[in-house]
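Asker: make a model of this:
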Amino acid sequence: MTGNLKSARDRAFESSERPSKIGKSECSGDEGGAEEESQQPRESGVVSRPMNQNPRAQRYLVAIEYIGTRFSGSQKQPNCRTVVGVLEEAFHKFIGQPVSVFCSSRTDAGVHALSNVCHVDVERISKRKPGEVLAPHEPLVVRRAVNHFLQKSEGDISVIDVQCVPADFHARYRACERTYFYRLFSGPEPLSTFEKERAWHVTDELKLVSMQEACKVLVGEHDFSSFRASGCQANSPIRTLDELNVSEVVSSPYFPSMVERRVESTNEVTDLGFGMRKKHRCLVVTARARSFLYHQTASWCS
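Answerer: Residues are numbered from 1 along each chain as shown. Just a heads-up that it's a prediction; the model follows:
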């Protein structure tokens, strides 16, 4: 999924056993369960990456949200439905030519995104006069058109924001920080059908205060070797964790009546009546950093 392009605290949290994520880009202002991101050197705020090879194309920064359940991750793979693959197909239908989409962060299968950002180069060619290059599309036009084709697919991915960026902007290497959220449901009751694949159910009682104290130990710059997966290819295990905390939030999408809210406010545990589900405690683990090691955050919640 931060002082980001789209604030997570203004949105509903959506996670599976892997995290939701938000990527923040410098323009405004990880693999599922944690992401390995290269921290490239910068000079005067410009990352040394190849510029847009087509000077007639406009580079757009695109923010997307998606439910990762039916995706085999974000990166394009042969014979698999992926976030990048579906997004490139929608752009192709929109402009009539193939494009390449570059995401700020990669996510594994099952990982949802509240706001993953990516960039894409679009050359607007006249349909009446092939070969004639027209002025770039306005960002709002791009957003509406691409969403039109995305919704004709499974409807589990949409573009939430678009803006023009310079030709040397790179969504991945100009990312300032990334934030992951894990929702943990604590309680013996079976998980709600509405929460399956969007939360991790822990039948034991979780101790919030102890978890909050443990999080403080990991904040800051540390060697996270013991937390990364064996397949991690990062050059260094040193990472700086800007935020790691646990908080308790509203447990489910169930909307109580005024009477039920009064009962809850007095902490009374009573018979809720036939057909009424007993609620779980819902804890959200928030991890925020510029970059993560492969599966770094997933190990904290396992």
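Asker: just for the protein, where's the confidence low?
Answerer: In the predicted model of the chain, residues 1-55, 224-226, 228-236, 252-273, 293-302 satisfy pLDDT under 70.
Asker: what strands line up against the helix or strand hosting residue 183, and which way round?
Answerer: Residue 183 is part of strand 175-186 when elements are defined by DSSP states H and E. Sheet partners assigned to strand 175-186 using DSSP bridges are listed as strand 20-25 (antiparallel), strand 200-202 (parallel), strand 281-289 (antiparallel).
Asker: mind listing what's buried along the helix or strand that the shortest one is followed by?
Answerer: It stands for strand 200-202. Per DSSP H and E, the first helix or strand lying C-terminal to strand 200-202 is helix 208-218. Neighbour-count burial for helix 208-218, with 16 or more other Cβ atoms under 10 Å as criterion, is recorded at 211, 215. In short, each C-beta sits where N, CA and C put it, glycine included.
Asker: what helix or strand is the closest residue to residue 90 other than its chain neighbours on?
Answerer: Leaving aside its sequence neighbours, residue 90 sits nearest to residue 149 (Cβ to Cβ, 6 or more residues apart in numbering; 4.0 Å). In the assignment (DSSP H and E), residue 149 maps to helix 139-151.
Asker: give me the sheet partners of whichever helix or strand comes after that helix and which way each runs.
Answerer: The element immediately downstream of helix 139-151 (helix or strand, assigned by DSSP H and E) is strand 157-165. When sheet partners are counted by DSSP bridges, strand 157-165 sits next to strand 58-66 (antiparallel).
Asker: so what's residue 100 up against?
Answerer: 88, 120, 121 (Cβ atoms under 8 Å, 6 or more residues apart in numbering).
Asker: coming back round to it: quick one, the helix holding residue 149 and strand 58-66 angle?
Answerer: Regarding helix 139-151 and strand 58-66, their directions subtend 40 degrees when assessed with axes from the mean of the first three to the mean of the last three Cα atoms, to 10 degrees.
Asker: surely the residue nearest to residue 90 meets residue 93?
Answerer: Yes: in this structure residue 149 lies within contact range of residue 93 using Cβ atoms under 8 Å: 4.7 Å.
Asker: what about the residue nearest to residue 90, distance to residue 89?
Answerer: Computed with Cβ to Cβ, to the nearest Å, the distance linking residue 149 and residue 89 is 8 Å.
Asker: and residue 161, how many residues sit next to it?
Answerer: 17 (other Cβ atoms under 10 Å).
Asker: apologies, that question was intended for residue 189.
Answerer: For residue 189, using other Cβ under 10 Å, the count is 12.
Asker: residue 85: what secondary structure?
Answerer: The three-state assignment at residue 85 reads helix, by DSSP: H, G, I helix; E, B strand; the rest coil.
Asker: distance check, it against residue 72.
Answerer: Applying Cβ to Cβ, one obtains 9 Å for the distance of residue 85 from residue 72.
Asker: now the strands for the stretch 201-302 of the chain?
Answerer: Taking DSSP state E, counting those that start in this stretch as the criterion, the stretch 201-302 of the chain carries its strands at 220-223, 238-249, 281-289.
Asker: identify each buried residue in the longest one, please.
Answerer: Residues of strand 238-249 classed as buried under the neighbour-count rule (16+ other Cβ under 10 Å) are 239, 241, 244, 246.
Asker: need the contact list for the last one.
Answerer: Spelled out, that is residue 246. Residues in contact with residue 246, defined by Cβ under 8 Å, 6+ apart, are 208, 211, 212, 215, 283, 284, 285, 286.
Asker: what is the nearest of those to residue 141?
Answerer: residue 286 (35.0 Å; Cβ to Cβ).
Asker: check whether that closest one really touches residue 241, as I assumed.
Answerer: No: under the criterion of Cβ under 8 Å, residue 286 makes no contact with residue 241, lying 10.9 Å away.
Asker: per-domain residue ranges of this structure.
Answerer: 8-165, 177-300 (automatic domain parsing).
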